[in-house]
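Chemist: structure for this input, please:
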Amino acid sequence: MNIVDALDHQARRRPQAPAFVTPGRVIDYAEAASLVRRLAAALRDRGLGQGDRVALRLPNSPTALLAVLALARLGAVAVPLPPRRPAEQFTGLAGRLGLAATLGLNDSHALPGVPLIGVDDGLLAPVDDPRLIEANAAGGDSLLLITLSSGTTGEPKAMGRSHSRVLRQWEQQQTMRPHGPGVRMLILMGFDSNYAMMTGLRMLFSGATVLIEPDASLRSVVDGVDRLGANHVLASPALVGRLVAQLPPDRLRFPGLSSFRLAGSIVAPALLAQLRRRLTANVCSDYGASEVGALADGDPELVHRVPGCVGAVMPWVQAEAVDASDRPLPAGHDGVLRFRSEVFPQAYLDDPEASAKVFRGGWFYPGDVGRVNADGSLVIAARVDELINIGGTKLRAEEVEEVLLQDEAIREAAAYAVQADDGRTLLLAAVVCRGALDEARTLSRCRSVLGQKAPQRLVQVKQLPRNEAGKVLRQVLAQRTRIASARPQAGVAAAAPTPRE
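Modeler: Sure thing, here's the model as predicted:
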């Protein structure tokens, strides 16, 4: 089966139902299916066909999803890439994947050495072409999408997704969160994000409505919910971290939302609590990985009841915590986490060395430390490669950040380690402030709560460096920081570190 068959089914069943809603346009299912056929014919005329790998450098719009479907109809493979990142960052990737073309709005979306096909109104114009009624490509186990890992540990890795795998994951999700007519999903993440892309496609397979705003801001949330009628929202923790200060302090801004789902990184408990007081009671935060999708469902009641819990392990996923020798640990014991499922891939597309570290013995190792409790709840303690070692004391960045975020002057915080010129390893915390910060008082409070796990200095920044999924890039913070060799006096906050030359 081709994924376009699922869209065509909805177009026959409910042709006038809205498939896409934007601030300026409504596209019903009949029109969406027609646009897919037109775009597929236009791309075929430009030489694309079965097996061609095509980069998508498109901003958030219906066209981003329609292009994936049009390529699927031809049997081609879509490779979604962030449209705003410099093209030079993808030079190596374009060669590795053998890209045949790039779809973009203008020359700024072109990739070096890859032909650019401009996606404009002319490409989607009605045409009298008998090929529009040709059947969709076979689909099945053929490659549909190439998506990228988050890139937080180096160059992004390429993952292949077939038609059958995407459809199977949709079926699984429907058993947990059935979507269909009446669901209006506002997606505030770029469609180069794996989670956003899969969510958008699943909505179309189900006959739901995809709502798209031009940017990720409180204004867009207000417009999407209050005017366009969104009853579900998908966003990143990076967005909601910026929204908190703009929300009413004493009431829920969107009490009628069925869900406000966060994905892309683990959300600090303090931030979740604020959102459930000021945004909506139905804030959910999923745990998963770009390689395999959702691993745990962040049910609000469960996450609130079990400290450190990110949700319940999905029914189709087996989860274990193992020791250093890969021996399974009893329920409730911390270890390296691993997961497996019938729909998981077994390797990256073109990186056997990285595959051997992450995909082993039929299991997927995301690089997290945590535990699986007897009731199926999943607790994440830390990233394996982000445990911070300060003079033999190992700590999680999150436990430092949770204490910092209790300060009303601090909007965002990120703890990280940096090497001083004299060889010492120091624990710092970058903070984004919403008001005047009393650094000495904040550090003193941290020491009273965290002891030797408290940060030694605070670094005020305008914003935290993040990747497209919203994850904080702690290595970038460390690279931007230089520490003088002089030791601060005991009990006195030293001068803020300065950027490296």
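Chemist: mind showing which ranges of this structure have poor pLDDT?
Modeler: For the chain, the stretches with pLDDT under 70 are 121-122, 124-133, 150-155, 385-387, 391-392, 394, 422-423, 468-470, 483-501.
Chemist: recalculate using a threshold of 50.
Modeler: Within the chain, the segments meeting pLDDT under 50 span 153, 485-501.
Chemist: find the centremost residue of it, please.
Modeler: With distances taken as C-alpha atoms, centre = their mean, Gly264 lies nearest the centre of the chain, 3.2 Å away.
Chemist: for the stretch 51-200 of the chain, just list every one of the helices.
Modeler: 62-74, 91-97, 163-176, 194-206 (DSSP state H, counting those that start in this stretch).
Chemist: quick one, which of those helices is nearest to Leu43?
Modeler: Ranking the helices of the stretch 51-200 of the chain by proximity to Leu43 (C-beta to C-beta) places helix 62-74 first, at 6.0 Å. For the C-beta atoms, the positions are set from N, CA and C on the backbone; glycine is no exception.
Chemist: which strands or helices does that closest one pack on?
Modeler: If you count contacts as 3 or more C-beta pairs under 8 Å, 6 or more residues apart in numbering; DSSP states H and E, helix 62-74 packs onto helix 3-13, strand 18-22, helix 29-45, strand 53-57, strand 77-80, helix 194-206, strand 209-212.
Chemist: quick one, that helix and helix 3-13 angle?
Modeler: 110 degrees (axes from the mean of the first three to the mean of the last three C-alpha atoms, to 10 degrees).
Chemist: show me how far helix 62-74 is from its chain's centre.
Modeler: Mean C-alpha position of helix 62-74 versus that of the full chain (C-alpha atoms, centre = their mean, to the nearest Å) differs by 21 Å.
Chemist: just the CA atoms of it, as CSV, please.
Modeler: Provided in CSV are the C-alpha atoms of helix 62-74 (Å, rounded to 0.1, in the frame of the first residue of the first chain):
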residue,chain,number,x,y,z
PRO,A,62,0.4,22.6,3.5
THR,A,63,2.8,22.3,0.5
ALA,A,64,5.4,20.7,2.8
LEU,A,65,3.1,17.7,3.4
LEU,A,66,1.6,17.7,-0.1
ALA,A,67,5.2,17.4,-1.5
VAL,A,68,5.9,14.3,0.5
LEU,A,69,2.7,12.8,-0.8
ALA,A,70,3.4,13.8,-4.4
LEU,A,71,6.8,12.2,-4.2
ALA,A,72,5.3,9.1,-2.6
ARG,A,73,2.8,8.9,-5.5
LEU,A,74,5.8,8.7,-7.9
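Chemist: quick one, it and helix 29-45 angle?
Modeler: 60 degrees.
Chemist: which SSE is Asp407 in?
Modeler: Using DSSP states H and E, Asp407 sits in no helix or strand.
Chemist: for it, phi and psi?
Modeler: Taking degrees, to the nearest 10, you get phi -80, psi 120 for the backbone angles of Asp407.
Chemist: which residues in the stretch 201-350 of the chain form strands?
Modeler: Per DSSP state E, counting those that start in this stretch, the stretch 201-350 of the chain carries strands over the ranges 209-212, 232-235, 259-262, 283-285, 287-289, 293-297, 309-313, 318-322, 335-340.
Chemist: the second one pairs with which strands?
Modeler: According to DSSP bridges, the neighbouring strands of strand 232-235, each with its direction, are strand 184-187 (parallel), strand 259-262 (parallel).
Chemist: what's in contact with the last one?
Modeler: Spelled out, that is strand 259-262. Strand 259-262 is contacted by residues 232-237, 240, 254, 275, 279-280, 282-286, 298 when judged by C-beta atoms under 8 Å, 6 or more residues apart in numbering.
Chemist: the first one too?
Modeler: Strand 184-187 is contacted by residues 21, 60, 179, 196, 199-200, 203, 208-213, 221, 224-225, 228-234 when judged by C-beta under 8 Å, 6+ apart.
Chemist: mind running it again at 10 Å?
Modeler: Residues outside strand 184-187 that contact it (C-beta atoms under 10 Å, 6 or more residues apart in numbering) are 18, 21, 60, 65, 179, 193, 195-197, 199-200, 202-203, 206, 208-213, 216, 220-221, 223-225, 228-235, 257-261.
Chemist: buried only: go through these for me.
Modeler: When the contacts of strand 184-187 are checked for burial by 16 or more other C-beta atoms under 10 Å, the buried set is 18, 21, 60, 65, 179, 193, 195-197, 199-200, 202-203, 206, 208-213, 216, 220-221, 223-225, 228, 230-235, 257, 259-261.
Chemist: for Gln479, which of the helices of the stretch 51-200 of the chain is the nearest?
Modeler: helix 91-97 (20.5 Å).
Chemist: in the closest one, which residues are buried?
Modeler: 93-94, 97.
Chemist: just checking, what packs against that helix?
Modeler: Applying 3 or more C-beta pairs under 10 Å, 6 or more residues apart in numbering; DSSP states H and E, we find helix 91-97 packed against strand 53-57, strand 77-80, strand 143-148, strand 158-162.
Chemist: which neighbouring elements make contact with the longest one?
Modeler: Using 3+ C-beta pairs under 10 Å, 6+ apart, the elements in contact with strand 143-148 are strand 53-57, helix 62-74, strand 77-80, helix 91-97, strand 158-162, helix 163-176, helix 194-206.
Chemist: 6 Å - rerun?
Modeler: Under the contact criterion of 3 or more C-beta pairs under 6 Å, 6 or more residues apart in numbering; DSSP states H and E, strand 143-148 touches strand 77-80, strand 158-162.
Chemist: and of the ones you listed, who's closest to Tyr365?
Modeler: Closest among those, once you apply C-beta to C-beta, is strand 158-162, at 14.8 Å.
Chemist: any residues touching that closest one, and which ones?
Modeler: By C-beta atoms under 6 Å, 6 or more residues apart in numbering, the list of residues contacting strand 158-162 from outside reads 141, 143-147, 291, 349-350.
Chemist: identify, from those, the entry nearest to Ala331.
Modeler: Using C-beta to C-beta, the contacts of strand 158-162 come closest to Ala331 at Glu291, 25.0 Å.
Chemist: phi, psi of that closest one?
Modeler: phi -70, psi -40.
Chemist: how many residues are close by the nearest residue to it once chain neighbours are set aside?
Modeler: Spatial nearest neighbour of Glu291, chain neighbours left out: Met159 (5.4 Å); criterion: C-beta to C-beta, 6 or more residues apart in numbering. Around Met159 there are 19 other residues, counting by other C-beta atoms under 10 Å.
Chemist: is Met159 bridged to anything, and to what?
Modeler: Beta-bridge partners, per DSSP bridges, of Met159: Thr147.
Chemist: how close does it sit to Phe344?
Modeler: Counting by C-beta to C-beta, to the nearest Å, the separation of Met159 from Phe344 is 10 Å.
Chemist: and the helices in the stretch 401-501 of the chain?
Modeler: Using DSSP H, counting those that start in this stretch, helices in the stretch 401-501 of the chain cover 439-450, 474-479.
Chemist: could you export the ones you listed as CSV, including distance to Val114 and mean neighbour count?
Modeler: As requested, these are arranged in CSV below (distance: least, C-beta to C-beta, whole Å; neighbours: other C-beta atoms under 10 Å):
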stretch, distance to Val114, mean neighbour count
helix 439-450, 49, 16
helix 474-479, 28, 17
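Chemist: for Ala135, find the nearest of the ones you listed.
Modeler: helix 474-479 (48.2 Å).
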